[in-house]
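>>> missing the sequence, but the structure's below:
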């Protein structure tokens, strides 16, 4: 039985990653690597979208609003030298 991959999703920063993603061996061709990365990236974006759409929303006459939670991932920030 195929189980759903476990992704770490931070809805506050709208980022997701898979801590267990690895390749058994590197693909032989760059195109294979790009295809594998795009497939995994699509799954990560879907995990973010699923998380946002599962948040409680406030209805507005034009669009629904959701309040994003506090960040759970510390992101590196650019610092000028």
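Okay, I see it. Note that the structure is a prediction, hence the values are computed from the model and not measured. Numbering: from 1, shown residues only.

>>> The residue nearest to the spatial centre of the chain sits in which helix or strand?
Nearest to the mean C-alpha position of the chain, counting by Cα atoms, centre = their mean, stands residue 16 at 2.8 Å. For residue 16, the enclosing helix or strand under DSSP states H and E is strand 15-17.

>>> quick one: that strand to chain centroid distance?
3 Å (Cα atoms, centre = their mean, to the nearest Å).

>>> Pull the contacting residues for the residue nearest to the centre of the chain.
Counting by Cβ atoms under 8 Å, 6 or more residues apart in numbering, residue 16 touches 7-10, 44-45, 47-48. Heads up, the C-betas are built off the backbone N, CA and C, glycines and all.

>>> What of residue 31?
No contacts exist for residue 31 under Cβ under 8 Å, 6+ apart.

>>> How is it assigned, secondary-structure-wise?
helix (DSSP: H, G, I helix; E, B strand; the rest coil).

>>> Surely residue 72 touches residue 15?
No - applying Cβ atoms under 8 Å, one finds residue 72 not in contact with residue 15, separated by 9.8 Å.

>>> Have a look at the two and say which one is more surrounded.
Counted by other Cβ atoms under 10 Å, residue 72 and residue 15 do not tie: residue 15 has more neighbours, with 15 against 12.

>>> Tell me if I'm right that the more buried one and residue 75 touch.
Yes - the criterion here is Cβ under 8 Å, and residue 15 meets it with residue 75 at 7.4 Å.

>>> number of nearby residues for residue 13?
14.

>>> again, but for residue 11
19.

>>> Could I get the contacting residues of it?
By Cβ under 8 Å, 6+ apart, residue 11 lies in contact with 48, 51-52, 55, 68-69.

>>> mind putting those residues in TSV, distance to residue 31 included?
Compiled in TSV, the contacts of residue 11 are given as follows (distance: Cβ to Cβ, whole Å):
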residue	distance to residue 31
48	26
51	31
52	32
55	37
68	36
69	38
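
>>> Now residue 58: closest residue in space that isn't a chain neighbour?
residue 65 (4.7 Å; Cβ to Cβ, 6 or more residues apart in numbering).
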